[in-house]
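# Let's see this in three dimensions:
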Amino acid sequence: MEVQKLRVGPRHPRLGAASFRLARWLTRKTMGKIGFHELGSDFASERIAHVRGKLARGETVYLAGLGLPGTHNSGVALVEVTQAHGPRLILNNEEERFSGNKHTTEYPAQSIDAMVATLRGMGRDIADIDAWLTSWDYFALGGMLARSMFEEAPQSLALVRVADATAFDRRRLDQMTRSPRILAKQLGLADPVPLICMPHHGNHAWFSYAASPFADDGEPVAVAVLDGTGDTGSVSLYSVKDGEMRQLYCNDSMFDSLGMFYSVVSSTQGGWTWLSSEGRYMGAAAWGDMDRGSNPYYSRLKHVLHLGANGEISLNRAMANWYYDPSFKPYKRPLIDILGEPLKPEQLWNPDAMLRVEDIKHRPDTQDRLDKAAATQLVLEDAMIHVVDHLLRLTGAHRLVLTGGVALNAIGNMRLLEHFDEAWFEKNQGRKVRLHLWVPPVPGDPGVVIGAAWQFAHLAGSPRGAPMTHAFYCGAPPTGADIAAALQADDVASQRVGDISTAEGLNAIADLMAYMVSQSGVVAIYQGAAETGPRALGHRSILANPCDADARERLNERVKYREAIRPLAPMATLEAARKYFELLPGASDADYNAYNYMVLTAHSKPGAREKIPAVIHADGTGRIQIVREADDPLIHAYLKAMGRRVGVEMSVNTSFNVAGPIAQSPQQAVDTLRRSKGLDAVLMVADDGTVHAAWHGGERDSGRFTSWLAEWRKAQASDS
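Presented below is the predicted three-dimensional model:
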């Protein structure tokens, strides 16, 4: 077997460390004068004392978490805090949803405007916000960027010209430095708004733990942040006991990163850009050889990550080049010999370059490309297990909160639950338990703005807050007037079809939805505040029949216009989920809350593929979402109606979008209908409960919706 060379760690660690210290010092000197304050500064300490005092007096505190320009997924979170109940998330506005620019790095102007409108609708105003908190510690981030540019000098100096490829936008990072003044101008304030910089991984960690179902019962809870990068490193480990979080480790590296490994390989092998490539490549892996013994690439590719002592992960810099050129020359010769030449930036999104499982019959390299995806997934899983193995031994915990962008790898999350079973704990901790895992619905950077406010509240003495049960926090529910305005279009037909403000009306709309879907219809639901995080969970969803074997192909080709490698997810009642999938006991906390957010896959049971073929992926798994009546009454009633109509309390669920962010506004919903020729109707629910249906008008009207509506109403009348 070919032996791969190994080089871990930077060539000039001392130069890198000195660069970090110098850049951090310079950042303090410059940014401290223009409105940025780090934890421990006089201003931050005064604000913490102010909030602590208000809470002690029984007053309500409002905190705003900010994702500023220059880093992906900008936005704003508004959090209400009381001493009695701790933090409560009011909204988490993701700028991409308002601007239409996916993973945007722009200043979150529209998100902030929408937050201000919500605040004033509550009878509050800007003056009621006690602290503005950023999702990055920019002082540390400046140091880390400098360290990354000098630790492999002179080659790493090339990072100056490719910074955009590492999820940082140089032009907008400059705009970030002006944010205190930009924000003041936007809010009509005379002076710059002072911003407190919160540590990125600490934000991830504390919010994800606090929102978890794991109780403060004297037992430790382990928290792992596995990220593309934070402001000091890309892997951070924590332990929480009796409500106090302690950081155990940070790897102090941007490039010894599981997230960057997966992003670079998935992009340069799959043919998509970063932040769009990872989920697609995970889906592609299921079509490849997922056996470590027979996969033709795994035994060599695994050496690109070195699994060291104490759970450390290091990039093998003898194979990989992305520590100084992640875009144009990310591979060295040993990695090229395994994977082939990487796709260039100009080839990404080119149909001739993208990995398409439908090409398997006429492109001889497609199976090889799928096997490479499988090998990449296996290497990632090895690394995840390696980190968690050490963390569980170190803390003595059997409960794990996993967060950071890597935690969106739902297959890897399932592997953790399977690996750390009772036998592992009996051997390594001497007790009969198994791993219990929870992943938040927003483990990536859209959730860090929430974490900034949550962590600040904790530092001011707030209780941790209630566990999370749903993710409907992006924006405000649409008004009837907004929906009516969006429906004023010549090419879109619409009519009022009901009202869900009563139990009878809600059940009627749910049954209408199920009837259309049972007739092979494809229907979108647009209701309430949108989901925060990357998954549609019933407020901005496209629904179809899970029993229809052709549904996946029809949705991917005629509705979503996306690759066939991408699976469709099942949404189900708890009873149906248990009937058709092997729900793991390690995800059973709070009545299987871990399956609420499509961040965890489950193996299907025997016979499930025959009954619900549309939602079983090539590897026999489903990225399941369990729907609760208390969190989403309409969708829960729809699933119950599906049980009566098709025999399973389950539905296909995919996000209501076409080649862009999930539809946020009524106008975006109507525009998405226009772009999707295979979408039969959109049901739009106003904040007062009234429901309008919209469908293609004029020459594009297939007549399907109006026919179904007439048939359904006739049946309803005969039954009454």
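
# quick one: contacts for residue 687?
Neighbouring residues of residue 687 by C-beta atoms under 8 Å, 6 or more residues apart in numbering: 476-480, 528. Where C-beta positions appear, they are placed from N, C-alpha and C, glycine not excepted.

# who wins for most neighbours among the residues you listed?
residue 478 (23 neighbours; other C-beta atoms under 10 Å).

# excluding its backbone neighbours, what's nearest it?
residue 666 (5.0 Å; C-beta to C-beta, 6 or more residues apart in numbering).

# Closest one to residue 370 out of the contacts of residue 687, please.
Of all the contacts of residue 687, residue 528 has the smallest distance to residue 370: 38.5 Å, by C-beta to C-beta.

# follow-up on the earlier one: the residue nearest to residue 478 - how many residues pack around it?
24.

# show me where pLDDT drops low in the stretch 1-150 of the chain?
Scanning the stretch 1-150 of the chain with the threshold set as pLDDT under 70 gives 1-3.

# for it, what spans make up the strands?
36-38, 61-67, 75-82, 86-94, 129-134 (DSSP state E, counting those that start in this stretch).

# Of those, which is nearest residue 191?
strand 129-134 (12.6 Å).

# In the chain, where's the longest helix?
Assignment by DSSP state H gives helix 366-395 as the longest helix of the chain.

# Next secondary structure after that one?
strand 399-403 (DSSP states H and E).

# quick one: that next one to chain centroid distance?
15 Å (C-alpha atoms, centre = their mean, to the nearest Å).

# Let me know the angle separating that strand from helix 366-395.
130 degrees (axes from the mean of the first three to the mean of the last three C-alpha atoms, to 10 degrees).

# Begin at 51 from now on, thanks
Sounds good: first residue 51 from here, last item strand 449-453.

# could you dump strand 449-453 to CSV, C-alpha only?
What follows is strand 449-453, C-alpha atoms only, in CSV (Å, rounded to 0.1, in the frame of the first residue of the first chain):
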residue,chain,number,x,y,z
ARG,A,449,-24.7,13.8,26.8
LEU,A,450,-23.3,15.8,23.9
VAL,A,451,-24.4,19.0,22.3
LEU,A,452,-22.9,19.2,18.8
THR,A,453,-22.8,22.6,17.0
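
# That one - which strands sit beside it in the sheet, and in what orientation?
strand 271-276 (parallel), strand 486-488 (parallel) (DSSP bridges).

# So which of these has the densest surroundings on average?
Per residue and on average, the most neighbours among those fall to strand 271-276, with a mean of 27 (mean count of other C-beta atoms under 10 Å).

# Contacts only, for the residue nearest to residue 514 when sequence neighbours are not counted.
The shortest distance from residue 514 to any non-neighbouring residue, by C-beta to C-beta, 6+ apart, is to residue 260 (4.1 Å). For residue 260, the contacting residues are 136-137, 504, 508, 514-515, by C-beta under 8 Å, 6+ apart.

# Ramachandran coordinates for residue 291?
phi -150, psi 130 (degrees, to the nearest 10).

# That one contacts residue 268, correct?
Yes. Using C-beta atoms under 8 Å, residue 291 is in contact with residue 268, at 7.3 Å.

# residue ranges for the helices of the stretch 301-450 of the chain, please.
Per DSSP state H, counting those that start in this stretch, the stretch 301-450 of the chain carries helices over the ranges 308-320, 327-335, 348-351, 383-389, 416-445.

# of all these, which lies closest to residue 595?
helix 327-335 (20.8 Å).

# how far out from the middle of the chain is the closest one?
For helix 327-335, the distance to the chain centre is 14 Å (C-alpha atoms, centre = their mean).

# Residue 291 and residue 268: who's more crowded?
residue 291 (16 against 7).

# Dig out what that one forms beta bridges with.
Under the criterion used here (DSSP bridges), residue 291 is bridged to residue 294.

# that older thread, tell me who's in contact with the residue nearest to residue 528.
Residue 716 touches 528, 532-533, 535-537, 576, 734, counting by C-beta under 8 Å, 6+ apart.

# For these, which single residue is the most surrounded?
residue 576 (29 neighbours).

# and that residue, what does it touch?
528, 589-590, 706, 713, 716, 719, 732-735.

# ok, now with 10 Å
Going by C-beta atoms under 10 Å, 6 or more residues apart in numbering, residue 576 touches 528, 533, 536, 589-591, 706, 713-716, 718-720, 722-723, 732-736, 741-742, 744.

# Go ahead and build a ChimeraX selection from the buried members of these.
The following ChimeraX line selects those of the contacts of residue 576 that are buried, judged by 16 or more other C-beta atoms under 10 Å:
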select :528,533,536,589,590,591,706,713,714,715,716,718,719,720,722,723,732,733,734,735,736,741,742,744
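
# Read off the pLDDT value for the closest residue to residue 559 other than its chain neighbours.
Sequence neighbours aside, residue 548 is the residue nearest to residue 559 in space, at 4.7 Å (criterion: C-beta to C-beta, 6+ apart). For residue 548, the pLDDT comes out at 97.

# thinking residue 299 is in contact with residue 363, fair?
No. Using C-beta atoms under 10 Å, residue 299 makes no contact with residue 363, being 11.3 Å away.

# joint contacts of those two?
Common neighbours of residue 299 and residue 363 (C-beta under 10 Å, 6+ apart) are 285, 437.

# Buried residues, the longest helix of the chain. List them.
For helix 416-445, using 16+ other C-beta under 10 Å, the buried residues are 416, 419-442, 444-445.

# related to what we said a few turns ago, gap between the residue nearest to residue 559 and residue 588?
Relative to residue 588, residue 548 is positioned 18 Å away (C-beta to C-beta, to the nearest Å).

# So between these two, which is more surrounded?
Taking other C-beta under 10 Å, residue 548 and residue 588 do not tie; residue 588 has more neighbours (26 against 21).

# Of the contacts of residue 716, which is the nearest to residue 335?
Looking across the contacts of residue 716 and measuring by C-beta to C-beta, the closest to residue 335 is residue 576, at 32.1 Å.

# Check what pLDDT the closest one gets.
98.

# pretty sure residue 241 is in a strand, no?
No. If the criterion is DSSP: H, G, I helix; E, B strand; the rest coil, then residue 241 is coil and not within a strand.

# That one reaches residue 84, doesn't it?
No. Using C-beta under 10 Å, residue 241 is not in contact with residue 84, being 11.9 Å away.

# Great, nothing more from me.
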